[in-house]
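Undergrad: build me a model from this:
(2 chains)
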Amino acid sequence: MKRLFAILPIFLLLLSCSRDDVIEPIPYENPEIPLNIPAGFPSLNSSVNGNKPTKFGVQLGEKLFQEKMFSANNTISCASCHQPSNAFSDNHAQALGIYDRVGLRNTPPVQNMAFMKFYNWDGNILQLEKQPLVPIITHEEMDSSILEVINKISAVNDYKNLFKKAFGDENITPERIYRSIAQYEYTLISANSKYDKVKRNEGAIFTESEARGYQVFKIKCENCHSTELFTDQSFRNVGFPVNPSTEEAGRARITGIPADYMRFRVPSLRNVEHTAPYGSFGQFPTLEAVLDYFNNGVLDADNLDPILKENGNRIPLTEQEKQDVISFMKTLSDNTFVGKQWL
Amino acid sequence: MKNLKNYLIISAFSLALVSCSKSDDIPIANNITLHFDNTFKNTTIVLGDAASSSATTNTSAKGQVHHFSELKYVISNIRLIKADGSEFPYNVNNLDQGATVINHSKSQTLDYVLSNIPAGEYKQIKFGLGVKPELNTLDQTKFPKFYTEAGANDTEMMWEWGTGYRFTKLEGFYDTDNKEMSIHTGSTVEGTEGAYTQGVDAYRDITLDLTTNAVVGRKAPKITIKADFDKLLSGKTNTITLSTGTGMGDNATPNIHTAAQMVKFVDNLGGNGSSDLSGMFSISSVEN
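TA: Numbers count the residues shown, from 1 in each chain, chains lettered A, B, ... in the order given. You can find the predicted model right below:
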């Protein structure tokens, strides 16, 4: 009996030791990847600090982003809709998922996510780590489940190694999947356009048309498309043609605030040249069509944006101004971003 | 070592006593069956499609005739209140063992058996219509059973874009021309309780006094809970007129009505959380 009591404390000590080990140490060979925060960009979403990109976390996230086993029939990956050459959006009016099922809205570009406060057109998601599950389970997107995904990718040795490198052991958990994808997306920063080079005095200069367009832009567009992200991240009803789907209510679907009816997040204009068609469900095939619509007059609504109301429900633009503004918007194209070979 | 022997003798003796008392007296625990009776006023609902002649129809306070083809809701967070006021929580933090989808088209789902309830008298029941915010994530690893039950193709009680569960799903038809009505409720809140940053909480906590105390012991009581869907449109909080269309006020199809429109249905079905803590629910009977 005595001996038992003597052993007991040692045993307890051992237990407490092993308990400390449960906290996963970040392996020293998996360094953090510092984010290059472009001058004038908004501050980071606070979630980034809780999930800082690491070398292997990002590598894993990038691989998962391309993983078609995320969908029930292994045909659709994140990248199927979020295509690098389109600033991680696509050319469809509305997203196309498994079996060509049509989603409710236009695929949003995945760029500069680390600096955004709201995700998706209605801002239902506030933390990027909470987003990956949505397409996985949505009928019109991947129509799968997180355990189905884990079962499939568990059979691939590459993944086991990558999870180990990224998180310290081979366990594949939902949380790790969400975090690594978010880490990858945090690194997708686009701030190397002609506009940026002009601003940074790197030798680039605007053409006459671009310079004129920038002046028009500052007067007629910048109220909403402000900051170096070219969005003030607000939600507005700008009187665009309304999605006929009974599922759509804009931001009011989330908030329950009547004034949010058919309000959508102001889109960033970075790489806008590559993200056609435009509008929450791809109402406009071209930038010309968007500007024509604003010039001709938008749909009236009780909660139509006050700036439009004050201007007779329109943004008047001459043909020359339209051309110039489009020239300017094309200076926001970041060819190193959209042209980069990803994986 | 002698002491140890004594202990053994004493514990064997006390075990014998316990087992004696068990056979003589009431068991220490038994089941309670919750039976859900979905009605329009006092008539149990019969579902039916648009042309159905057998479906139970109801007329709202605003004169709109309507009937359902589908009727589902989630019950969770069940607590039983003893006669002395103490509370027995029934797997309130485990959706696999403490939550269920009531699906009117599947009769076996209308009876939910609470197992291993401590013997005693119970005077009140509390439960949630929907899933409380801290558990309302579609966490398949934590609660695989409930996830599968809610997500089944013939159940569809998941709200994918909200990454939470649907709390109520009502499909049916209204007005004499049988326009479609489709009313889904669920939460869209973000952040932590008390400090939500956006969205609406569609979870409602229900409190019902039992008509007579439920006595758990030798017998397993059956509590019949009436869910009167007349209250959907003609509730204690809101009198609702259904309308079809794509305007801000239109409410007869899912989600086109804003979350603000949705909350009107939620308050009618589950109470407004302050002056009304029962919504459409009431106790029909307690069988001991």
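Undergrad: what residue lies at the spatial centre of the chain?
TA: No chain specified, so I'll use chain A. Nearest to the geometric centre of chain A sits A:Val110, at 3.4 Å (CA atoms, centre = their mean).
Undergrad: to clarify, I was referring to chain B.
TA: Taking CA atoms, centre = their mean, the centroid of chain B lies closest to B:Ile75, which sits 2.5 Å from it.
Undergrad: quick check: the gap between B:Phe127 and chain A.
TA: Distance, B:Phe127 to chain A, by CB to the nearest CB, to the nearest Å: 24 Å. Yep, even glycine has a C-beta here, placed from its N, CA and C like the rest.
Undergrad: just checking: what are the partner strands of whichever strand or helix holds that residue?
TA: If you go by DSSP states H and E, B:Phe127 is part of strand B:120-129. For strand B:120-129, the paired strands and their directions (DSSP bridges) read strand B:65-82 (antiparallel), strand B:204-216 (antiparallel).
Undergrad: roughly how far out does it sit from the chain middle?
TA: Here strand B:120-129 is found 12 Å from its chain centre; the criterion is CA atoms, centre = their mean, to the nearest Å.
Undergrad: cool, stretch B:65-75 as well?
TA: With CA atoms, centre = their mean as the basis, stretch B:65-75 stands 13 Å off its chain's centre.
Undergrad: hmm, B:Asn272 is touching B:Thr237, no?
TA: Yes: the pair B:Asn272 / B:Thr237 is scored as a contact, 4.9 Å apart, by CB atoms under 8 Å.
Undergrad: out of these two, which sits in the more crowded spot?
TA: Shown here are B:Asn272 and B:Thr237; by other CB atoms under 10 Å in any protein chain shown, B:Thr237 has more neighbours (21 against 18).
Undergrad: so that one touches B:Leu269, yeah?
TA: No: assessed by CB under 8 Å, B:Thr237 is found out of contact with B:Leu269, at 9.8 Å.
Undergrad: give me the next element, helix or strand, following the helix or strand of chain A with the lowest mean pLDDT.
TA: The least trusted helix or strand in chain A, going by mean pLDDT, DSSP states H and E, turns out to be helix A:2-22, with a mean of 47. Using DSSP H and E, the helix or strand that follows helix A:2-22 in sequence is helix A:55-65.
Undergrad: what is that next one packed up against?
TA: helix A:78-81, helix A:157-167, helix A:174-186 (3 or more CB pairs under 8 Å, 6 or more residues apart in numbering or on different chains; DSSP states H and E).
Undergrad: the next helix or strand after the first one packs against which elements?
TA: Meaning helix A:78-81. As assigned by DSSP H and E, the chain's next helix or strand after helix A:78-81 is helix A:133-137. Identification of packing neighbours for helix A:133-137 by 3+ CB pairs under 8 Å, 6+ apart yields helix A:146-154.
Undergrad: put the alpha carbons of the helix it packs on into PDB.
TA: Taking Å, rounded to 0.1, in the frame of the first residue of the first chain, the C-alpha atoms of helix A:146-154 are listed here in PDB:
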ATOM      1  CA  ILE A 146     -17.100  18.300 -43.900                       C
ATOM      2  CA  LEU A 147     -16.700  14.700 -42.700                       C
ATOM      3  CA  GLU A 148     -17.200  13.400 -46.300                       C
ATOM      4  CA  VAL A 149     -14.400  15.800 -47.300                       C
ATOM      5  CA  ILE A 150     -12.100  14.700 -44.400                       C
ATOM      6  CA  ASN A 151     -12.700  11.000 -45.200                       C
ATOM      7  CA  LYS A 152     -11.700  11.600 -48.900                       C
ATOM      8  CA  ILE A 153      -8.600  13.600 -48.300                       C
ATOM      9  CA  SER A 154      -7.400  11.400 -45.400                       C
END
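Undergrad: give me every residue that touches whatever residue of the stretch 51-200 of chain A ends up closest to chain B.
TA: Chain B sits closest to A:Thr138 of the stretch 51-200 of chain A, with a gap of 4.3 Å, by CB to the nearest CB. By CB atoms under 8 Å, 6 or more residues apart in numbering or on different chains, A:Thr138 lies in contact with A:97, A:103, B:160-161.
Undergrad: which bits of the stretch 151-288 of chain B sit near chain A?
TA: Residues of the stretch 151-288 of chain B lying close to chain A (CB under 8 Å from any CB of the partner chain) are B:151, B:158, B:160-163, B:182, B:188, B:190-191, B:197-200, B:246, B:248, B:253-260, B:262-263.
Undergrad: buried among these? Need that as a selection in ChimeraX.
TA: ChimeraX command restricting those to the buried ones, with burial defined by 16 or more other CB atoms under 10 Å in any protein chain shown:
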select /B:151,158,160,161,162,163,182,188,190,198,199,200,248,253,254,255,256,257,258,259,260,262,263
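Undergrad: okay, and which of the residues of the stretch 151-288 of chain B next to chain A map to strands?
TA: Members of those lying in strands (criterion: DSSP state E): B:158, B:182, B:190-191, B:197-198.
Undergrad: what pairs with the closest residue to B:Leu277 other than its chain neighbours across the strands?
TA: Counting by CB to CB, 6 or more residues apart in numbering or on different chains, B:Leu277 lies nearest to B:Thr207, which is 4.4 Å off, once chain neighbours are set aside. On the basis of DSSP bridges, B:Thr207 is bridged to B:Lys126.
Undergrad: residues contacting residue 185?
TA: The chain I'm using is chain A. A:Glu185 sits next to A:61, A:65, A:110, A:113-114, A:128 when contact means CB under 8 Å, 6+ apart.
Undergrad: can you look at chain B instead?
TA: For B:Thr185, the contact set (CB under 8 Å, 6+ apart) comprises B:130, B:166-168, B:202, B:262, B:265-266, B:269.
Undergrad: what of B:Lys231?
TA: The contact partners of B:Lys231, taken as CB under 8 Å, 6+ apart, are B:268-269, B:279-280.
Undergrad: next step: these restricted to helices.
TA: B:268-269 (DSSP state H).
Undergrad: adding pLDDT, write the contacts of B:Lys231 out as TSV.
TA: Below are the contacts of B:Lys231 laid out as TSV (pLDDT from 0 to 100):
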residue	pLDDT
B:Asn268	97
B:Leu269	98
B:Gly279	98
B:Met280	98
